[in-house]
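>>> Kindly generate the corresponding structure for this input.
(2 chains)
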Protein chains: 2
Amino acid sequence: MDKQLLKNALSPFASLTEEEFDFFYSLLKFKEFKRKEMLLTAGNVCKNAFFTAKGLIRYYHVISGEEVTGQFFFEGGWYTDYESFLLNIPSSQNIQALEKSSVALLSNDSLQKLYIEVPKFERFGRLIAENAYLGLRKKTEIYTHLSAEERYLKLLQERPKVIQRVPQHYIASYLGVKPQSLSRIRKRIGA
Amino acid sequence: MDKQLLKNALSPFASLTEEEFDFFYSLLKFKEFKRKEMLLTAGNVCKNAFFTAKGLIRYYHVISGEEVTGQFFFEGGWYTDYESFLLNIPSSQNIQALEKSSVALLSNDSLQKLYIEVPKFERFGRLIAENAYLGLRKKTEIYTHLSAEERYLKLLQERPKVIQRVPQHYIASYLGVKPQSLSRIRKRIGA
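Model prediction:
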């Protein structure tokens, strides 16, 4: 795994000495996932936070037999089902690699150890939790107030990488529409 | 304001020396609110986190001319519109005292100062952010999956203080039903 990428990803959250970073690094596990391989299956506790060093992951729920994609995460980002991770309860989420992905895993036990050994990581934990909160607020807001077409336009504007790299049917499942509806939306807005 | 109550409320989050607590205390402002007085009106930035030392507060949105209550907070608890507070953007929430209330106000500026001067508070901030995240997840879950009657039963079971102290029409606005519907629900379940 590319150490520098991890360092860069941490730097906005905590300014670490070499020693502190090495301790952090020693707590990680590394795993390669094939395309479509699962990082977590619903019903299991999400025991790890995932850092995607290379590739692309998504999480989704299965609702009335249909996959509803919650979010996509590209290289350089963390993801975990924070509720399951914090409370040690079964997750309702499925987390899946959409491309061949290199992932670093940080277990909750390791994270708690990190908080004790390197209190600086409390700041990292706080900022991650704040971002998770803000992300959830934004997501709830978007789902409550925007139509599928408005959500697609927002995605185009704010996260063009999703449009470029994610297959259409996953984008449809993210917008909460059938693939045919997404095609109609794209035609209508000329995208 | 009762210092001990504040100390007790902080103790699960951070074990502070007298000096650290006094510094924290020096950053607070204190205010008394009359019944129905507003702590925040929608459209303004929520510049403070509120600690209710005595009394009862709620937050609500106005949706299509109707008040929809988001949550009730009793003495001993913190509340802020965390999104508005963190991002310094106008809030869509109204925060109101439902009883005569004694409230401690901690501004975001003071909180940032606290993080720098007493890094121990990073832990406090992390746990508050985690709780805020978990609360939002739970709330979203409840709203998505439970009927008004199920939500009322959950409230009875988990937060009987709300039923005891909050006037009926606010509880109805929390459940998202008209007061008459709440009466029918109460009759049906014999509460």
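>>> What lies in contact with whatever helix or strand A:Gly135 lives in?
Using DSSP states H and E, A:Gly135 sits in helix A:121-145. Applying CB atoms under 8 Å, 6 or more residues apart in numbering or on different chains, the external contacts of helix A:121-145 come out as A:10, A:12-14, A:24, A:70-71, A:78, A:82, A:111, A:114-115, A:151, A:154, A:176, B:82-83, B:86-87, B:115, B:119, B:122-123, B:125-126, B:129-130, B:132-133, B:136-137, B:140. All C-beta atoms are positioned from the backbone trio N, CA, C, and that covers glycine.
>>> 7 Å - rerun?
Helix A:121-145 is contacted from outside by A:10, A:13-14, A:78, A:82, A:114-115, A:151, A:154, B:82-83, B:86, B:122-123, B:125-126, B:129-130, B:132-133, B:136-137, B:140, using CB atoms under 7 Å, 6 or more residues apart in numbering or on different chains.
>>> Going by neighbour count, list what's buried in the helix or strand following that helix.
Using DSSP H and E, the helix or strand that follows helix A:121-145 in sequence is helix A:148-158. For helix A:148-158, a neighbour-count test (16 or more other CB atoms under 10 Å in any protein chain shown) marks A:148-149, A:151-152, A:155 as buried.
>>> One more: stretch A:159-172?
Here stretch A:159-172 shows A:162, A:166, A:170-172 as buried, counting by 16+ other CB under 10 Å.
>>> ok, now stretch A:184-191?
A:185-186.
>>> go on, stretch A:138-151?
For stretch A:138-151, a neighbour-count test (16+ other CB under 10 Å) marks A:140, A:148-149, A:151 as buried.
>>> do stretch A:70-83 as well
Buried residues in stretch A:70-83, counting neighbours by 16+ other CB under 10 Å, are found at A:70-75, A:78-83.
>>> next one: stretch A:112-130
Buried residues in stretch A:112-130, counted by 16+ other CB under 10 Å: A:114-115, A:118, A:120-130.
>>> returning to that earlier point: from the buried residues of stretch A:70-83, which is closest to chain B?
Lowest distance from chain B to the buried residues of stretch A:70-83 (CB to the nearest CB) belongs to A:Glu83, with 4.9 Å.
>>> what residues are up against the closest one?
With CB under 7 Å, 6+ apart, A:Glu83 has these contacts: B:134, B:137.
>>> picking up where we left off before, now, which of the buried residues of stretch A:70-83 lie within helices?
Per DSSP state H, helices hold the following members of these: A:82-83.
>>> between the buried residues of helix A:148-158, which is closest to A:Phe33?
The nearest member of these to A:Phe33, counting by CB to CB, is A:Leu155 at 24.1 Å.
>>> angle of the helix holding A:Gly135 against helix B:121-145?
Orientation check (axes from the mean of the first three to the mean of the last three CA atoms, to 10 degrees): helix A:121-145 against helix B:121-145 gives 20 degrees.
>>> Kindly provide the whole-number mean pLDDT of helix A:121-145.
Taken as a whole, helix A:121-145 carries a mean pLDDT of 89.
>>> next one: stretch A:11-18
Averaged over stretch A:11-18, pLDDT sits at 87.
>>> Is that stretch in proximity to chain B?
No: applying CB under 7 Å from any CB of the partner chain, one finds stretch A:11-18 separated from chain B by no less than 9.9 Å.
>>> Point out where chain A drops to low pLDDT.
Along chain A, segments meeting pLDDT under 70 span A:191.
>>> Please parse chain A into its domains.
Domain assignment for chain A by automatic domain parsing gives A:3-137, A:146-191.
>>> Tell me which of those sits nearest to B:Lys29.
Counting by CB to CB, B:Lys29 lies closest to domain A:3-137 out of the domains of chain A; the figure is 22.9 Å.
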